[in-house]
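Colleague: fold the following for me, if possible:
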Amino acid sequence: MLLHDTLGSLSGLHAVVIGRSNLVGRPVAQLLLRADCTVSITHSRTRDLPQLSREADILVVAIGKAEFARGGWIKPGATVIDVGINRVPAAAGKSRLVGDVAFAEALPVAGHLTPVPGGVGPMTVACLMFNTLQAARRASGLAVTAAD
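Modeller: Numbers count the residues shown, from 1 in each chain. Got it, this is the predicted structure:
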């Protein structure tokens, strides 16, 4: 939904998914395939991962490693979805949350970039609420609305 709202049609776009987990990587790849994207599923041991990432119109990073994907890995103007959430040390013995993408490096390069925190997480909650509402409508025999 996030990509459709931002880019419109995804048909023909090249998407690279960094992360092959059953929870995020593979389902995201399937959703992108269903939207007629050309999809490459990659992982931390993929050969020349930075070069492959630079070819992506859409880059989804869900690898579980803090700031793994660097700014130089991103095609100028690409849409970057950072699914990761990692706690790293900060000043005064505290910690802070960062994503799987080095945000400060990626921001000047990417056309669109989800922040961490505040990006994919709230979108996930909104989708869960929408699906719960749809299930309640079906159970009550009411009309189900489209997810525009």
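Colleague: just the helices in this structure please.
Modeller: Along the chain, counting by DSSP state H, helices occupy 2-7, 25-34, 49-54, 103-106, 120-140.
Colleague: okay if I get those as a markdown table plus mean neighbour count and mean pLDDT?
Modeller: In short, each C-beta sits where N, CA and C put it, glycine included. Shown next, in a markdown table, are the helices of the chain (neighbours: other CB atoms under 10 Å; pLDDT from 0 to 100):
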| stretch | mean neighbour count | mean pLDDT |
| --- | --- | --- |
| helix 2-7 | 14 | 93 |
| helix 25-34 | 17 | 96 |
| helix 49-54 | 16 | 97 |
| helix 103-106 | 17 | 98 |
| helix 120-140 | 12 | 93 |
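Colleague: now Glu105. Nearest residue, chain neighbours left out?
Modeller: Gly71 (2.8 Å; CB to CB, 6 or more residues apart in numbering).
Colleague: so Gly72 is in contact with Ala102, correct?
Modeller: No - using CB atoms under 8 Å, Gly72 makes no contact with Ala102, being 9.3 Å away.
Colleague: between those two, which one's more packed in?
Modeller: Ala102 (19 against 12; other CB atoms under 10 Å).
Colleague: excluding chain neighbours, what is closest to the residue positioned nearest the centre of the chain?
Modeller: The centroid of the chain falls nearest to Ile81 when counting by CA atoms, centre = their mean (3.0 Å). Here the nearest residue to Ile81 in space, its sequence neighbours aside, is Val60; by CB to CB, 6+ apart that works out to 4.5 Å.
Colleague: next, the contact list for that neighbour, please.
Modeller: With contact taken as CB atoms under 8 Å, 6 or more residues apart in numbering, Val60 is in contact with 15-19, 25, 28, 32, 80-81, 83.
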